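S.K.: kindly return the folded structure for what I paste below:
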Amino acid sequence: MKETLETDVALIGGGIMTATLGMLINQFASDKSIHIFERLNYVAGESSDAWNNAGTGHAALCELNYTPEDENGVVRTEKARSIMEQFEVSKQFWAYLIEQEKLANPKDFIRSVPHMSFVRGEKDVAYLRKRYEALQGSALFQHMEYTEDPEVIKKWAPLIMEGRDPSEKIAATYSALGTDVNFGAITGALIRSLQSSGKAHLHLQHEVRNLEQQRDKRWRLRVKDLNTGKKFNVVAKFVFIGAGGGSLELLQKSDIPEGKKYGGFPVGGQWLVCKNPDVSNKHHAKVYGQAEVGAPPMSVPHLDARMIDGKKALLFGPFATFSTKFLKEGSYWDLFGTVKYWNIFPLIKVGIKNLDLEKYLIRQLSLTFEERIEVLKRFYPEANPADWKLQQAGQRVQVIHNDENNGPSLQFGTEIVTSADGTLSALLGASPGASTAVSIMLRLLQRCFPDRAEANMERLLKIIPSFGQNLEDNPQLLAEVRARTSKVLELDV
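M.R.: All right, here's what the predicted structure looks like:
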């Protein structure tokens, strides 16, 4: 008979979502035992890793795909405002954990780095001006600056102006509130803190192969120790599937009806990484541009200043790639393994409806190194090919949702799928993901642990003072929250 391990909570995957949920459960249900299962020999090795994460600090300050222009020429700001609200929640939670000594040095995972949007040509300049004006209606963005003056842009980001044609029509926005977040670093810190509490146990190189619900509503997980080959069972009262690209297959194996509405489409990425520190040290901002038609959110081009493992890094991209893998360390059979009789026709319909995406991927895959450098030169005109190398980024799975009323569609976002009885929940999707992890996991807690959420409401408000409120409707609270988080997290603004 196989060995059986019993636990209150089983968390599958060792990324930022799992780490955040584990810490929240530890805060609001500290009596519950937690076991974390990660198939790699280290945590944050897939989507949460700094080299694999395309955003690092998404707050909707510069990402133009969060503020689309509708058919009437109106710039829609709802998604940007929502993401900014959620990122403020994340910062409040991290600040609380610093204050409680659950996390140590904030410089290990978050730093101030200005966020910029940069566009070229009359059409995009007109759009960026309208975007800026639309965002000024929200207190969340009133600190943002806008200019069409090349000298001001040169002051903000010298590299993007070096060698640029002075007659070119350009515009930019600038926000000093921007940050660079190393989600790999914060994931590791959160999980180490959880382990030190004595309530959480981490199992590296352990892969969950299957799961099924028992008559008593608990879940039986079949787990394999990839190091020893040993197989055993885990029985858990609650299961969270936060395995990135691996979540869809496990959700399907759970056989909950809610999981049969979903499929997945994998999209990978590559970076151009600067090898010349003299160039990297000249650039101190995250500069986002306009995406090509059909591009997924993770492929919005940006010239990105980062700190990774304590060293300055400058990345450009990402360029989209295609693989049938759902994980960077996955199998080429991943895509085929998730095609079922109930989602094959929705997958085909989505493929027909998203020809722009398919054309975009074909164009991206055909780019030579020299052609990628030419794309970089739209941001940095004097880029020298000798200063750059191509490096593989992460792998993402875009959600395909078969809605009962509207039919199948490709979803560019993050979705929580929860069983009717609240005993199992899975996270699907990608951008903005990590930056909004705290808000997403709080919603999951309210859905799956409603009694604990209600009983701890007073404490929750001490941890996250803005919880349940819209900060843009309360400028005084917004100012107080930002002052607190900037001080505790040692941010410049």
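S.K.: what bridges to residue 231?
M.R.: Under DSSP bridges, the beta-bridge partners of residue 231 are residue 224.
S.K.: contact partners for it?
M.R.: 2, 209, 222-225 (Cβ atoms under 8 Å, 6 or more residues apart in numbering). (Glycine included, C-beta is placed from N, CA and C.)
S.K.: ok, and the most crowded of these?
M.R.: residue 223 (24 neighbours; other Cβ atoms under 10 Å).
S.K.: mind pulling up the pLDDT for that one?
M.R.: We have a pLDDT of 97 for residue 223.
S.K.: what's it in contact with, if anything?
M.R.: 37, 203, 206-209, 231-234.
S.K.: redo those as TSV? Include secondary structure.
M.R.: Shown next, in TSV, are these (DSSP: H, G, I helix; E, B strand; the rest coil):
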residue	secondary structure
37	strand
203	strand
206	strand
207	strand
208	strand
209	strand
231	strand
232	strand
233	strand
234	strand
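S.K.: give me the buried subset of those residues.
M.R.: The neighbour-count criterion (16 or more other Cβ atoms under 10 Å) marks 37, 203, 206-208, 233-234 among the contacts of residue 223 as buried.
S.K.: residue 490: neighbouring residues, count only.
M.R.: 13.
S.K.: contacting residues around residue 315?
M.R.: 271-274, 303-304, 306.
S.K.: no no, residue 432
M.R.: Taking Cβ under 8 Å, 6+ apart, one finds 55, 58, 60, 63, 66, 83, 86, 297, 413-414 in contact with residue 432.
S.K.: how does it look with 6 Å?
M.R.: Neighbour list for residue 432: 58, 83 [criterion: Cβ atoms under 6 Å, 6 or more residues apart in numbering].
S.K.: so how far is residue 60 from it?
M.R.: Distance from residue 432 to residue 60, counting by Cβ to Cβ, to the nearest Å: 8 Å.
S.K.: which neighbours do those two have in common?
M.R.: residue 83.
S.K.: for the chain, which residues score under the pLDDT cut-off?
M.R.: Residue ranges of the chain with pLDDT under 70: 1-2, 54-57, 292-299, 431.
S.K.: scan it for its longest helix.
M.R.: Criterion DSSP state H: the longest helix present in the chain is helix 78-99.
S.K.: the helix or strand following that one pairs with which strands, parallel or anti?
M.R.: Following helix 78-99 in sequence order, the next helix or strand is strand 110-112 (DSSP states H and E). According to DSSP bridges, strand 110-112 forms sheet pairs with strand 179-181 (antiparallel).
S.K.: list the contacts of stretch 58-66.
M.R.: 79-80, 83-84, 87, 115-117, 175, 178, 288, 290-291, 297, 300, 432, 435.
S.K.: now stretch 395-410
M.R.: 245, 261-268, 296, 298, 325-328, 346, 349-350, 354, 411, 415, 428-430.
S.K.: buried ones from those, can you make that a ChimeraX selection?
M.R.: In ChimeraX, a selection of the buried entries from these looks like this (16+ other Cβ under 10 Å):
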select :245,261,262,263,264,265,266,267,268,296,298,325,326,327,328,346,350,354,411,428,429,430
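S.K.: in strands, which of the contacts of stretch 395-410 fall?
M.R.: 262-268, 411, 415, 428-429 (DSSP state E).
S.K.: between those residues, which sits nearest residue 339?
M.R.: Of all the ones in strands among the contacts of stretch 395-410, residue 339 sits closest to residue 263, with 7.3 Å by Cβ to Cβ.
S.K.: is it true that the closest one touches residue 348?
M.R.: No: counting by Cβ atoms under 6 Å, residue 263 does not reach residue 348; the two are 10.1 Å apart.
S.K.: now residue 73: phi and psi?
M.R.: phi 80, psi 10 (degrees, to the nearest 10).
S.K.: neighbours of the closest residue to it other than its chain neighbours, how many?
M.R.: Leaving aside its sequence neighbours, residue 73 sits nearest to residue 130 (Cβ to Cβ, 6 or more residues apart in numbering; 7.6 Å). If you count neighbours by other Cβ under 10 Å, residue 130 ends up with 15.
S.K.: tell me the secondary structure of residue 130, please.
M.R.: Under three-state DSSP, residue 130 comes out as helix.
S.K.: residue 361 is in what secondary structure piece?
M.R.: Using DSSP H and E, residue 361 sits within helix 355-365.
S.K.: which helices and strands sit right next to that helix?
M.R.: strand 311-321 (3 or more Cβ pairs under 6 Å, 6 or more residues apart in numbering; DSSP states H and E).
S.K.: if we can go back for a sec, distance to residue 335 for the ones in strands among the contacts of stretch 395-410 - can I get that in CSV?
M.R.: Formatted as CSV, these follow (distance: Cβ to Cβ, whole Å):
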residue, distance to residue 335
262, 14
263, 9
264, 7
265, 8
266, 6
267, 11
268, 12
411, 17
415, 19
428, 14
429, 16
